[in-house]
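Colleague: Sequence and computational prediction follow.
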Amino acid sequence: GAVVSQHPSRVICKSGTSVKIECRSLDFQATTMFWYRQFPKKSLMLMATSNEGSKATYEQGVEKDKFLINHASLTLSTLTVTSAHPEDSSFYICSARGQGESQPQHFGDGTRLSIL
Amino acid sequence: QQQVKQSPQSLIVQKGGISIINCAYENTAFDYFPWYQQFPGKGPALLIAIRPDVSEKKEGRFTISFNKSAKQFSLHIMDSQPGDSATYFCAAREEYGNKLVFGAGTILRVKS
């Protein structure tokens, strides 16, 4: 149980393109979803927290107009990297947590984004 | 400010040996301490977690030891296997909190 599916797993696109990444909880309802960014051989950096039906809460230093997050249902959150540039290239990982603050976070397998 | 300090940065262990990874924290509001295992190109997977009301939790070959007074916790991997080679992250979360705070990670290599 507790499977989180992230799509696509890898995307390569040209500078200036907007890229959408999907995160789905397959077998549970995720009231809260999280988006992380991970640089090579580094830890996970939280970008934002989203609750279903409400606006995402962004961490300090994360541009909300650059990284658009939508959590429209209890099983789906999307991250859109708008007008992506090479410096946005990274490994993006989502996680989802079921109802209740005591529930653990379950992670997707990440999306490798490469901007040329 | 690094809220959860993890060590060592990397670790090499012989097959069959014990791998030990340590974490320390300052925030006494933390009340949930999970460990995650991450393979290259994959997302982290929850391995085992502990709350501060117990000093030890064991699941198979994985054991968490927790020292509340010292604000330290550690992961022990018994009978380490080459398949355990991965990056391990400790984390902590406040009671009623949303966010996990991660350690810097430990790259474990188990030599066969």
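Modeller: In hand now; what should we look at? Residues are numbered from 1 along each chain as shown, chains lettered A, B, ... in the order given.
Colleague: Name all residues that make contact with the residue of chain B found nearest chain A.
Modeller: At 3.8 Å from chain A, residue B:43 is the closest residue in chain B, using CB to the nearest CB. Every residue, glycine included, has its C-beta placed from N, CA and C. Counting by CB atoms under 8 Å, 6 or more residues apart in numbering or on different chains, residue B:43 touches A:4, A:6, A:93, A:95, A:107, A:108, A:109, A:110.
Colleague: tell me the contacts of the spatially closest residue to it that is not a sequence neighbour?
Modeller: Using CB to CB, 6 or more residues apart in numbering or on different chains and skipping the chain neighbours, the partner closest in space to residue B:43 is residue A:107 (3.8 Å). Under the criterion of CB under 8 Å, 6+ apart, the contact partners of residue A:107 comprise A:4, A:93, A:94, A:95, B:36, B:43, B:44, B:45, B:46.
Colleague: Equivalent analysis for residue B:14, please.
Modeller: B:80, B:110, B:111.
Colleague: The second one: neighbour count?
Modeller: Each residue near residue B:110 was counted by other CB atoms under 10 Å in any protein chain shown, and the total is 21.
Colleague: for it, which residues make a bridge with it?
Modeller: Applying DSSP bridges to residue B:110 gives these bridge partners: residue B:13.
Colleague: Cross-check the contact I'm expecting between it and residue B:78.
Modeller: No: counting by CB atoms under 8 Å, residue B:110 sits too far from residue B:78 to count as a contact (11.9 Å).
Colleague: Identify the contacts common to the two.
Modeller: By CB under 8 Å, 6+ apart, no residue touches both residue B:110 and residue B:78.
Colleague: just checking, residue A:93 is part of a strand?
Modeller: Yes: counting by DSSP: H, G, I helix; E, B strand; the rest coil, residue A:93 is found in a strand.
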